[in-house]
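Could you look at this predicted model? Sequence included:
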Amino acid sequence: MSWGILVVAGLFEIAWAVGLEYSDGFSKPVPSALTVVALAISMLLLARAIESLPVGTAYAVWTGIGAVGTAILGVLLFDEPATLVRAGFLGLIVAGIVGLHATGA
């Protein structure tokens, strides 16, 4: 259950990170409010997950999900570069996330 909560927390991290771009420096009220809500939900779920997962593992997985998801959406939504090297490094982050889950660390 804690791993599922952690994954959802990571998805909300992606939402608030992308929301920062849409909020335009918190100058747009609706995107800014949605970004803050997503941030709060993400943090609350992370806090819940670390009740039964090691904090170091949970934090690494949470940031990894956020980093990979945000980078992918950056390519899809904001015309950020999509290179094989970038994809390779994102793959390394995914490998780290899978490894942490597989070892139960």
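Yep, it's here. Everything numeric in this text was worked out from a predicted model, so none of it was measured. Numbering: from 1, shown residues only.

Nearest residue to residue 24 in space, please, no chain neighbours.
Nearest residue to residue 24, sequence neighbours excluded (Cβ to Cβ, 6 or more residues apart in numbering): residue 31, at 7.4 Å. All C-beta atoms are positioned from the backbone trio N, CA, C, and that covers glycine.

how near is that neighbour to residue 7?
Distance of residue 31 to residue 7, computed by Cβ to Cβ, to the nearest Å: 24 Å.

Verify the stated contact: residue 18 with residue 77.
Yes: here residue 18 reaches residue 77: they are 7.0 Å apart, a contact under Cβ atoms under 8 Å.

So between those two, which is more surrounded?
Taking neighbours as other Cβ atoms under 10 Å, residue 18 and residue 77 compare with residue 18 leading, 21 against 11.

helices and strands of the chain: which one bottoms out on pLDDT?
helix 84-103 (a mean of 93; mean pLDDT, DSSP states H and E).

What is that helix packed up against?
In terms of contacts (3 or more Cβ pairs under 8 Å, 6 or more residues apart in numbering; DSSP states H and E), helix 84-103 is packed against helix 55-78.
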